[in-house]
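1. The sequence and its predicted three-dimensional model are supplied below.
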Amino acid sequence: MGICGTISDSYNKFYGRVYASIVNNIGIGYTAAMKEHKAELFAGMTDQQAQLERPLEIVEVGVGAGMNLKFYPKDSQLTAIDPYPQFEEYLKTSMEKYPLVNVDNVKFVVGRAEDMSMIPSDSIDAAVCTTVLCNVDDVDKSLSEIKRILRPGGKFYYIEHVRGDEGSWVRTFQHIINPVWKRVSDGCNMTRDTGKHIEQAGFSHVEQTHFWADTLKTTLVKPHVKGVATK
C-alpha cells in the first residue's frame with residue numbers, strides 16, 4: 001500500500017471515530033425526544049414475538065450506537081448492520097445498558113443498506129430503520145434489500161424524517177438548505193419523500209402515519225413518517 005492509501009485509511013478511521021461520537025450524542029437526544037413514538041411503534045415487535053412463540057430475529061439497518069435496543073422484545077436476536085465499524089463499541093455499551101437483548105444474540109456486521117448479501121433471503125422476522133433512509137445513496141435499492149431478507153409476513157418497522165408538506169415554508173427552506181446540509185451531515189437528505197418510496201416498494205401492506213415531531217429542536221427535520229410494512 002502506498003502513502004496515499006495509508007493517509008486515506010487513517011483519515012477514514014479518524015472520520016469514523018468523530019462521526020460515531022457525534023451520532024451517539026445526537027442519538028441520545030433524539031431517542032429521548034421521540035421515546036413515545038418509538039415505544040408505540042416497537043410495541044408491535046412484542047406482539048409479533050408472542051405470535052411466533054419464539055425469540056424474534058431482527059436486522060437493524062444503520063444501527064449506529066444501538067439506541068433502539070431498549071425497545072426490543074426480551075431475548076430477541078439482533079444482526080446490527082452499519083457502514084461504520086466504530087459504532088460496534090457504542091453498541092456494546094448500549095447492550096450493557098439495555099440487557100433485554102442478550103449479548104450472545106447480537107452480531108455486528110459492517111455493511112450498507114443497499115447490499116445486505118450477507119443476510120439470506122426470507123430469513124428475518126423484523127427489519128428496522130430509524131433516521132437511516134435519509135442517508136442511503138439509493139433508497140429504492142435499500143428497500144428492495146430489506147424486503148428480500150424478510151420472511152413472508154415479516155415486518156419492516158421505521159421512523160424517518162421527511163420533506164415538508166407541499167407549499168409549506170418548511171419544504172421551501174429544506175430545498176434551499178439541503179445541498180449544504182447533505183455535505184455536513186454525512187449525506188443526510190432532508191427533502192426525501194421516504195413514505196412514498198416505502199408505499200411503492202412492493203410490500204403486501206403498509207400502515208404508516210405522517211406526523212410533526214414537536215419535541216425536536218430543529219424545525220426543518222420535524223416532518224416525520226413512521227409505520228410498519230409487511231412483506
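-> It's in. Numbering: from 1, shown residues only.
2. Could you pick out the longest strand of the protein?
-> In the chain, with assignment by DSSP state E, the single longest strand is strand 150-161.
3. who does that one touch, helix- and strand-wise?
-> helix 35-52, strand 124-130, helix 194-199, strand 223-230 (3 or more CB pairs under 8 Å, 6 or more residues apart in numbering; DSSP states H and E). Using the backbone N, CA and C atoms, a C-beta is placed for each residue, glycine as well.
4. Next, the buried residues of that strand.
-> By neighbour count with 16 or more other CB atoms under 10 Å, strand 150-161 contains the buried residues L150, G154, K155, F156, Y157, Y158, I159, E160, H161.
5. farthest pair in those?
-> G154 and H161 (24.5 Å; CB to CB).
6. Pick out the residue closest to the middle of this protein.
-> Among the residues of the chain, C129 comes closest to the average C-alpha position under CA atoms, centre = their mean, at 2.7 Å.
7. Return the member of the buried residues of strand 150-161 nearest to D137.
-> Distances from D137 to these, taken by CB to CB, are shortest for E160, at 15.5 Å.
8. I'd say that closest one and T194 touch.
-> Yes: in terms of CB atoms under 8 Å, E160 counts as a neighbour of T194; the distance is 4.5 Å.
9. Quickly list what's touching both of these two.
-> Counting by CB atoms under 8 Å, 6 or more residues apart in numbering, the shared contacts of E160 and T194 are L133, C134, V225.
10. Which of these has the largest number of neighbours?
-> The most crowded member of the shared contacts of E160 and T194, judged by other CB atoms under 10 Å, is L133 (26 neighbours).
11. where does that one fall, phi/psi-wise?
-> Main-chain torsions, L133, degrees, to the nearest 10: phi -70, psi -10.
12. okay, it: pLDDT?
-> If you check L133, the pLDDT there is 97.
13. Would you check how far apart it and Y158 are?
-> Distance, L133 to Y158, using CB to CB, to the nearest Å: 7 Å.
14. intersection of neighbour lists for these two?
-> Common neighbours of L133 and Y158 are listed as T194 (criterion: CB under 8 Å, 6+ apart).
15. residue contacts, the residue nearest to the centre of the chain?
-> Taking CB under 8 Å, 6+ apart, we find C129 in contact with E60, V61, G62, A113, I146, F156, Y157, Y158, I159, E160.
16. so is the fifth one in a helix, a strand, or just coil?
-> It refers to I146. helix (DSSP: H, G, I helix; E, B strand; the rest coil).
17. close enough to count as contact, it and A127?
-> Yes: if you go by CB under 8 Å, I146 and A127 touch, sitting 4.8 Å apart.
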